[in-house]
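1. Sequence plus predicted model, see below.
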Amino acid sequence: MSTNLKLNIPEMDSKHDEFIEIFESIRTCTDENFMPLFEKMIAHTKEHFAFEEAIMRQQAFYGIQEHLDEHSALLNEMIYFYEKAKRIPAFGRSYINDYAYGKFERHVINIDSQLAMFLKGLTET
Ligand SMILES: [Fe+2]
Ligand SMILES: [Fe+2]
């Protein structure tokens, strides 16, 4: 993972590393593997978001609503392009090639980082 995306919360960083790995494979895959990898990316994103949401609830994180809203927007968008790609594969490719990584990166930098800072604050004595 590029250092600017490291949050130093190992469980969050490993979810993000896994996402980047799936993302790299879909970006470079054959047409035949594209939709299955897209499904894998959606399933992983659901798991990744549910994991963070469980932590936020458990720790009564102050910024939970904004974070939940952003997760649901990102996931809905991913599913929207997946559905589009079923009929028009080029839509799916352009989402992956031009758009999806930037969205992920901004989420980690702007939103996940707030949660990470909050969690670090809890462990300080
Ligand atoms: Fe995340
Ligand atoms: Fe998140």
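-> Cool, got the structure. Ligands and ions are numbered 1, 2, ... in the order given.
2. Go through the lengthiest helix in the chain and flag the buried ones.
-> Ordering each helix of the chain by length in residues (DSSP state H) puts helix 31-58 first. Applying a neighbour-count criterion of 16 or more other C-beta atoms under 10 Å, one finds 34-35, 37-38, 41-42, 44-45, 48-49, 52, 55-56 buried in helix 31-58. No exception for glycine: its C-beta is placed from N, CA and C like everyone else's.
3. With stretch 103-116 instead?
-> Under the neighbour-count criterion of 16+ other C-beta under 10 Å, stretch 103-116 has 104, 107, 108, 111, 112, 115, 116 buried.
4. the helices in this structure, which residues?
-> For the chain, the helices defined by DSSP H cover 10-27, 31-58, 64-87, 89-95, 101-107, 113-123.
5. follow-up on the earlier one: next, the angle helix 10-27 makes with the longest helix of the chain.
-> Counting by axes from the mean of the first three to the mean of the last three C-alpha atoms, to 10 degrees, helix 31-58 lies at 160 degrees to helix 10-27.
6. what's helix 31-58 packed up against?
-> Contacts defined by 3 or more C-beta pairs under 8 Å, 6 or more residues apart in numbering; DSSP states H and E place helix 31-58 against helix 10-27, helix 64-87, helix 89-95, helix 113-123.
7. mean confidence score for the second one?
-> Mean pLDDT, helix 64-87: 98.
8. who does it touch, helix- and strand-wise?
-> helix 31-58, helix 89-95, helix 101-107.
9. which ones are touching the nearest residue to residue 103 once chain neighbours are set aside?
-> Leaving aside its chain neighbours, residue 103 sits nearest to residue 74 (6.2 Å; criterion: C-beta to C-beta, 6 or more residues apart in numbering). If you count contacts by C-beta atoms under 8 Å, 6 or more residues apart in numbering, residue 74 has them with 45, 49, 103, 104, 107.
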